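>>> just coords:
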C-alpha cells in the first residue's frame, strides 16, 4: 500500500513538473531600428542585444524602417547579427533601403509589411552623389558575403532532381549595389535591384508578409509568446542626442571658435567657458560608450597645452604649435572611431581618414566663421568684449597737443636747423617746426609762424 501511494505521488510530481516546463512562454525581444543608421542606432541596438541575451530571450526581432545611413555602423550591426547565438528576425515596416537592406539580409528570417520595399544599396554621400568604385566594391562584397552566410537549401526541380540553392541569392544581393550587373529574370544592366514584399518573396529575400510583429510570430508558430523591448532611459536619450553627427560637428566648431576668440581676448572669459563646455559635451558621451578612452582625452589636452606654450611662451610659430594642432585634431578624430584597433589596418585607416576629414571640415568652417564674425563680435559693446568708455572730441579728448595752434602769427627763432623740419622756439616754448616753403633755414634765424597742422608749426624767415 505504501509503495502504491509513493508511486502515485511520484507520478503526480513528475506531471506537475512537466506542466511547469511546458508552460514557459518563449521570449521575443524587440529591437528598434527606425532612424538613420548611425552611432545612436548602433548604440541602442548593441545594448538591446546584450539585454536580450542577459534575459534569456529565445528570439530577437528587429523592427525596421530606415532609408539607410553610415556603412561602418551598418557593417557593425551586420556582424553582430551574424555572430548572435539567438535567432534574429527582421520585420520591415515600410523601408529597408541601402544599409537597412544589408542588415536585413544578415537576419535569419525576413518578414515585410504589404507595401514595404528592400534594396537600393549603392553607397552615396550626404548629397546623394555616388561614391568611388572602391566603396562600391566593398559594399558589393559585404552584400554578397552576407547573403552567402545564410547558407543553402535543397529543392526539388521540375525533373525530380534534388539540388542545392542559396537561401538568398548572392548575385541578387550584389545587384542591389551595382546597377551594371545583370541577373537573369531579375534585372537588366542599368537598373538597381529593389523589391516589393511580393517580389522579395518570389526571389527568396522575404519569408513572409505580415501586418505586425505579432502576426509574424503567429506565422512562425511562436504562440503564445512574451514580447519585450529595451526601454530607452533619459540618459540613453541624452547620450544618443549628443552623439548625433550634426551636434558633434557643432561642438567641434564651438571648441575651435572658442579657442580662437579666447586668444583674441586674453583672460578667462565666455569663449573659453564655451570651448570647455563643448569639450565636455563632445567627449563625455563617447567616453561613457567606450568609443573614447583616456588616451584620446589626454592627447587633446596635450594639444591645447602645446598650443598655449607656442603662443605665450615660445616666440614665433614652429614645431610646438604644429604638434599641438596635430594632437588636438588627432584626439578629436580618434574619439570618433568605434573600434580603436590595428587588427584590421585597412578598416582602421579608412575609419580614421573619414573621422579626420569630418573634424577638419568642422574646424575649417569654424575658423572661417570666426574670422568673418570676429570683428563684429569683438567690437560689440553689447556682448562685453569691447571697452565701454569713449574718448570723444566734444569731451576734450584729442589725439595731439593743440597748444601750438595759438602761436600762428607770432615771431620766434629757429632752435635747430630746419632741413626742412626741425624745432623752433616761440616765446618760452619749443615746437616741432617745418619750413613752409621747404627751404633750408639755419639755426638762430628769426622766423614767423604761418600755420599749424598735424601737431606741427609751419614757419617762414
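Okay, I see it. The structure presented is a predicted model; accordingly, all values stated were derived computationally and were not measured.

>>> Show me which positions of the strand or helix carrying residue 43 end up buried.
Using DSSP states H and E, residue 43 sits in helix 39-54. Under the neighbour-count criterion of 16 or more other CB atoms under 10 Å, helix 39-54 has 39-45, 48-49, 51-52 buried. All C-beta spots, glycine's among them, are computed from the backbone N, C-alpha and C.

>>> Likewise for stretch 230-248?
230, 239-240, 242-245, 248.

>>> Between the two ends of that stretch, how far is it?
25 Å (CA to CA, to the nearest Å).

>>> okay but residue 149 is in contact with residue 107, surely?
No: contact criterion CB atoms under 8 Å: residue 149 and residue 107 do not qualify, at 10.6 Å.

>>> Please say which of those two ends up with more neighbours.
residue 107 (25 against 15; other CB atoms under 10 Å).

>>> for the more buried one, what are its contacts?
Contacts for residue 107 (CB atoms under 8 Å, 6 or more residues apart in numbering) come out as 62, 81, 88-90.

>>> hmm, 6 Å instead?
Counting by CB atoms under 6 Å, 6 or more residues apart in numbering, residue 107 makes contact with 81, 88-90.

>>> show me where the protein has helices.
Along the chain, counting by DSSP state H, helices occupy 2-22, 39-54, 71-83, 99-106, 133-149, 170-175, 197-202, 213-219, 234-242, 245-264, 270-288, 294-312, 319-335, 345-378.

>>> Averaging pLDDT over each of these, report the lowest-scoring one.
Of all those, the minimum mean pLDDT falls on helix 2-22 (a mean of 48).

>>> follow-up on the earlier one: now the helix holding residue 43, how far from the centre of its chain.
20 Å (CA atoms, centre = their mean, to the nearest Å).

>>> Tell me, how many residues neighbour residue 24?
Residue 24 has 9 nearby residues by other CB under 10 Å.

>>> Residue 237 versus that one, what's the distance?
When distance is defined by CB to CB, to the nearest Å, residue 24 is 33 Å away from residue 237.

>>> try residue 78
Taken as CB to CB, the span from residue 78 to residue 237 is 25 Å.

>>> again with residue 405
Taken as CB to CB, the span from residue 405 to residue 237 is 72 Å.

>>> Can you pull up the most central residue in this structure?
The chain has residue 245 as the residue nearest its centroid, 3.0 Å off, counting by CA atoms, centre = their mean.

>>> ok, and the closest non-adjacent residue to that one?
Leaving aside its sequence neighbours, residue 245 sits nearest to residue 38 (CB to CB, 6 or more residues apart in numbering; 6.4 Å).

>>> wait, doesn't the one you found sit right on residue 69?
Yes: Residue 38 lies in contact with residue 69 (CB atoms under 6 Å); the separation is 5.2 Å.

>>> out of these two, which sits in the more crowded spot?
For residue 38 versus residue 69, neighbours defined as other CB under 10 Å are more numerous around residue 69 (23 against 18).

>>> That one against residue 36, yeah?
Yes: if you go by CB under 6 Å, residue 69 and residue 36 touch, sitting 4.2 Å apart.

>>> Kindly tell me how buried residue 140 is, as a neighbour count.
Neighbours of residue 140 (other CB under 10 Å): 22.

>>> so who does it touch?
Applying CB under 6 Å, 6+ apart, we find residue 140 in contact with 174, 177-178.

>>> Tabulate the contacts of residue 107 (JSON lines), appending neighbour count and distance to residue 136.
Shown next, in JSON lines, are those (neighbours: other CB atoms under 10 Å; distance: CB to CB, whole Å):
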{"residue": "81", "neighbour count": "25", "distance to residue 136": "23"}
{"residue": "88", "neighbour count": "22", "distance to residue 136": "27"}
{"residue": "89", "neighbour count": "22", "distance to residue 136": "29"}
{"residue": "90", "neighbour count": "29", "distance to residue 136": "24"}
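
>>> Kindly reformat those residues as a markdown table and extend each row with distance to residue 334.
What follows is those, written out as a markdown table (distance: CB to CB, whole Å):
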| residue | distance to residue 334 |
| --- | --- |
| 81 | 27 |
| 88 | 31 |
| 89 | 36 |
| 90 | 33 |
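
>>> And the residues you listed, which is closest to residue 291?
Nearest to residue 291, judged by CB to CB, of the contacts of residue 107 is residue 81 at 20.6 Å.

>>> how near is the residue nearest to that closest one when sequence neighbours are not counted to residue 207?
Nearest residue to residue 81 in three dimensions, chain neighbours excluded: residue 106, at 4.3 Å (CB to CB, 6+ apart). Distance, residue 106 to residue 207, by CB to CB: 14 Å.

>>> Quick check: residue 356 touching residue 335?
No: shown here, residue 356 and residue 335 do not form a contact pair, counting by CB under 6 Å, at 11.3 Å.

>>> Looking at these two now, which is surrounded by more residues?
Higher neighbour count among residue 356 and residue 335: residue 335, with 23 against 17, using other CB under 10 Å.
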